[in-house]
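Q: What follows is a predicted structure for the sequence shown.
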Amino acid sequence: MAFRFVSVSCLVALLSLATPVAVSAQDATARRLVLIDDDVVGLNGAPALLLQAPGVEVLGITTTSGSVWRDTATAYALRTVEILGRTDVPVVPGATYPLVNSEAATKRWEGLYGRLEFKGPWTEPASAGAGQSTPGTPSPSVVPSLPIGDPVTKPSGEIAAAFLVRMVRAHPHQITLFATGPMTNIAIAQSLDPSFAANVKELVYMGGSLNPQQILDTPATAAFAREFVNTPRREFNIRWDPEAARIMAHGAWPKVTMVPIDPSTGTQWTRAFLDSLKPARTALTDALQTGLEPGFPMWDEIAAMVWLEPAIVTRAEALYIDFDTSQTAGYGDTLSWHDAYRPHLGERAQTVVLRVDRDKMEAAMRALYTRPLKREPASR
């Protein structure tokens with residue numbers, strides 16, 4: 001059957017993300033288990049929101065290169081759990097490099113098909129676009145001083161993909177996996193254990209792009225819109241490691257929710273939103289004031305919030321999704337079909353979030369950010 005856009009009243013049923021209405025007392029107190037795989041930068045994104053969410057147990061944060069190198073992402077993740085008083089949550093380093101893609105291959109591709117707007121740590125300082133800060137350092141092993149403070153805790157000695165497999169085997173059909181960076185760790189885990197995807201309860205990921213349109217009228221959103229005006233199917237998380245993304249897309253996940261670039265164009269980190277967090281006066285809300293650049297879209301935050309608060313979704317569609325690994329001009333682009341047109345080459349149906357209610361999402365985020373922390377960290 002072909003899938004079409006659904007009404008707002010059908011979205012919660014489509015997403016199937018909320019706790020069922022009729023639950024036993026035992027189920028009502030059960031915690032929802034979560035793993036987060038992320039190229040962590042700063043305090044924004046999925047980790048802080050999910051760590052602050054009541055009824056959610058974060059089993060661990062695995063890190064990968066993407067927006068920054070893996071070791072820098074690991075430092076940010078460690079500092080995040082320190083600020084939130086959650087050093088009980090393990091931070092496990094993962095992949096440093098993509099499966100196939102490389103800096104040299106990317107430069108050669110640009111010579112044939114045009115410059116990429118953002119290349120993570122491969123981005124040249126003089127060409128970082130859309131007002132984006134220079135991402136990290138040229139060397140994967142060099143971790144710069146973090147604007148939110150450097151961590152004192154240490155990461156796990158385990159390898160991220162092995163940790164993901166171990167956790168899913170220990171809690172089959174119970175874990176929601178959030179993938180909000182490139183999919184390298186996910187692909188390696190799938191390759192290590194062919195049952196990995198099938199034993200995850202659900203996958204929620206931020207990546208891909210269908211047909212995003214500029215919605216907000218600000219200089220920052222206009223600058224970010226340059227990325228998709230002529231290349232609407234290109235998005236960084238997928239373009240960094242397209243082969244890993246394709247492996248992910250072919251996994252036997254029981255349920256997948258995709259958050260592409262599209263809904264993020266109606267969101268933006270603003271000084272007004274950050275100011276609204278100040279009265280809470282926690283270590284988290286204080287750190288957010290200086291550790292986050294206003295102007296950026298709320299990319300990964302949407303992935304966390306559509307799971308925590310499904311009512312924020314105002315438009316979604318069921319599509320079959322894959323990613324281009326052809327090494328042509330479309331390398332890393334998102335491929336999508338309705339059922340009647342798909343090629344039947346292993347692509348799977350995903351719920352694709354296309355638009356969210358910004359006001360509802362910000363209200364729900366504010367409530368999480370301003371909750372009391374598990375414990376206030378000692379002064380540094």
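A: Nice, thanks for sending it over.
Q: for Val34, phi and psi?
A: Phi and psi for Val34, reported as degrees, to the nearest 10, are phi -140, psi 140.
Q: no, scratch that, I was asking about Gly114
A: Phi and psi for Gly114, reported as degrees, to the nearest 10, are phi 110, psi 160.
Q: Surely Leu354 is within a helix?
A: No. Counting by DSSP: H, G, I helix; E, B strand; the rest coil, Leu354 is not part of a helix but strand.
Q: Would you confirm that it contacts Leu319?
A: No. Contact criterion Cβ atoms under 8 Å: Leu354 and Leu319 do not qualify, at 9.8 Å. The C-beta positions use only the backbone N, C-alpha and C, and glycine is treated the same way.
Q: So between those two, which is more surrounded?
A: For Leu354 versus Leu319, neighbours defined as other Cβ atoms under 10 Å are more numerous around Leu319 (22 against 19).
Q: Contacts only, for the more buried one.
A: Residues near Leu319 by Cβ atoms under 8 Å, 6 or more residues apart in numbering: 3, 336-338, 349-350, 352.
Q: Give me the three-state assignment for it.
A: Three-state call for Leu319 (three-state DSSP): strand.
Q: Report the beta-bridge partner residues of it.
A: Gln350 (DSSP bridges).
Q: The nearest residue to Glu235 once chain neighbours are set aside: neighbour count?
A: Leaving aside its sequence neighbours, Glu235 sits nearest to Ser209 (Cβ to Cβ, 6 or more residues apart in numbering; 4.1 Å). Residues lying near Ser209 (other Cβ under 10 Å) number 24.
Q: From Ala187, how far out is Ser209?
A: 20 Å (Cβ to Cβ, to the nearest Å).
Q: same deal with Thr267?
A: Distance from Thr267 to Ala187, counting by Cβ to Cβ: 28 Å.
Q: before we move on, what about Val40?
A: Distance, Val40 to Ala187, using Cβ to Cβ: 19 Å.
Q: More neighbours: the two, which one.
A: Val40 (33 against 24).
Q: Surely the more buried one touches Asp71?
A: No. Val40 is beyond contact range of Asp71, at 11.1 Å (criterion: Cβ under 8 Å).
Q: Is the residue nearest to Glu235 inside a helix or a strand, and which specific one?
A: Using DSSP states H and E, Ser209 is not contained in any helix or strand.
Q: what's the neighbour count on Arg108?
A: Applying other Cβ under 10 Å, we find 12 residues neighbouring Arg108.
Q: ditto for the one 3 residues further on
A: Burial measure for Gly111: 9 neighbouring residues, criterion other Cβ under 10 Å.
Q: And it, how far from Ala105?
A: To Ala105, Gly111 is 11 Å away according to Cβ to Cβ.
Q: got it, and Phe224?
A: With Cβ to Cβ as the criterion, Phe224 and Ala105 are 25 Å apart.
Q: Please, where are all the strands along this structure?
A: Along the chain, counting by DSSP state E, strands occupy 32-38, 56-63, 91-93, 175-179, 202-206, 256-259, 313-323, 334-337, 348-356.
Q: now the third one, how far from the chain's geometric center?
A: Average the C-alpha atoms of strand 91-93, do the same for its chain, and the two points are 16 Å apart (Cα atoms, centre = their mean, to the nearest Å).
Q: Ok, the fourth one next?
A: Taking Cα atoms, centre = their mean, the mean C-alpha location of strand 175-179 is offset from the chain mean by 10 Å.
Q: swap in the last one?
A: Per Cα atoms, centre = their mean, the displacement of strand 348-356 from the mean C-alpha position of its chain is 14 Å.
Q: Let me know the angle separating that strand from strand 202-206.
A: Strand 348-356 runs at 50 degrees relative to strand 202-206, counting by axes from the mean of the first three to the mean of the last three Cα atoms, to 10 degrees.
Q: sorry, back to before: and the contacts of Leu319, which is closest to Trp299?
A: Taking Cβ to Cβ as the measure, Trp299 lies nearest Val352 of the contacts of Leu319, at 15.1 Å.
Q: And for the closest one, the neighbour number?
A: Val352: 24 neighbours (other Cβ under 10 Å).
Q: Same question for Pro372.
A: 11.
Q: My read is that it contacts Arg281, right?
A: No. Counting by Cβ under 8 Å, Pro372 stays clear of Arg281, with 10.6 Å between them.
Q: what do the two both touch?
A: Residues touching both Pro372 and Arg281 by Cβ under 8 Å, 6+ apart: none at all.
Q: Pull the contacting residues for Ala77.
A: Going by Cβ under 8 Å, 6+ apart, Ala77 touches 38, 40, 47, 61, 63, 91, 155.
Q: rerun at 10 Å
A: The neighbours of Ala77, taking Cβ atoms under 10 Å, 6 or more residues apart in numbering as the test, are 36, 38-41, 45, 47, 60-63, 89-93, 151, 155.
Q: swap in Met305?
A: 46, 49-50, 53, 259, 267, 298, 311-313, 353, 356, 360-362, 364-365, 368.
Q: Tell me how many other residues crowd the residue lying closest to it once chain neighbours are set aside.
A: Spatial nearest neighbour of Met305, excluding adjacent residues (Cβ to Cβ, 6+ apart): Met361 at 5.2 Å. Residues near Met361, counting by other Cβ under 10 Å, number 24.
Q: Run through the residues that contact Met361.
A: By Cβ under 10 Å, 6+ apart, the contact list for Met361 reads 263, 266-267, 298, 301-302, 304-306, 308-309, 311-313.
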